[in-house]
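**Q** Next comes the sequence, and after it the predicted model I'd like to discuss.
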Amino acid sequence: MVVALLSLELHIAGARSLKDKRMVLRGVKDRLRAFNVAVAELEHQDLWQRAGLGVVTVAGSEALAERELRNVVDAIDAVEPGIVSRSEVEFLT
């Protein structure tokens with residue numbers, strides 16, 4: 001069993017308020033319900049145009065976990081192109 005953490009840094013260029021930011025993040029989180037992941041906003045809660053998300057999955061192997069998390073990044077890019085400014089996968093054992 002492998003636990004994998006995807007750390008995402010998002011830049012929401014069109015956000016003019018925290019309300020705008022929350023609307024974008026809600027759409028992203030709703031899209032990720034189709035995946036076997038848990039999502040939480042971990043950083044920059046008080047900034048309008050930045051967000052730090054943590055996405056966690058559990059899988060039978062590192063390859064499966066990494067594939068799932070790469071699919072998550074692809075899904076976010078499909079909903080909000082160019083929003084992901086940084087992504088990093090870490091395996092927790």
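**A** Sure thing, it's come through.
**Q** hmm, who's touching the helix or strand hosting residue 58?
**A** Assigned by DSSP states H and E, residue 58 belongs to strand 50-59. If you take CB atoms under 8 Å, 6 or more residues apart in numbering as the criterion, strand 50-59 is touched by 1-12, 21, 25, 28, 32, 35-44, 65, 68-69, 72. Yep, even glycine has a C-beta here, placed from its N, CA and C like the rest.
**Q** Mark which of the residues you listed are part of helices, please.
**A** Using DSSP state H, the subset of the contacts of strand 50-59 located in helices is 21, 25, 28, 65, 68, 69, 72.
**Q** In JSON lines, list those residues along with pLDDT and distance to residue 92.
**A** Formatted as JSON lines, the ones in helices among the contacts of strand 50-59 follow (pLDDT from 0 to 100; distance: CB to CB, whole Å):
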{"residue": "21", "pLDDT": "94", "distance to residue 92": "28"}
{"residue": "25", "pLDDT": "93", "distance to residue 92": "24"}
{"residue": "28", "pLDDT": "92", "distance to residue 92": "23"}
{"residue": "65", "pLDDT": "95", "distance to residue 92": "10"}
{"residue": "68", "pLDDT": "96", "distance to residue 92": "14"}
{"residue": "69", "pLDDT": "96", "distance to residue 92": "12"}
{"residue": "72", "pLDDT": "96", "distance to residue 92": "16"}
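**Q** Is it possible to get TSV of those that adds neighbour count and distance to residue 50?
**A** Formatted as TSV, the ones in helices among the contacts of strand 50-59 follow (neighbours: other CB atoms under 10 Å; distance: CB to CB, whole Å):
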residue	neighbour count	distance to residue 50
21	22	8
25	19	11
28	22	14
65	25	26
68	18	25
69	24	21
72	25	19
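**Q** Check those and tell me the two furthest apart.
**A** Farthest pair in the ones in helices among the contacts of strand 50-59 (CB to CB) is 21 and 65. Separation: 28.3 Å.
**Q** residues touching residue 40, list them.
**A** With contact taken as CB under 8 Å, 6+ apart, residue 40 is in contact with 53, 54.
**Q** and it, bridged to which residues?
**A** residue 54 (DSSP bridges).
**Q** try residue 3
**A** Residue 3 has these beta-bridge partners by DSSP bridges: residue 58, residue 92.
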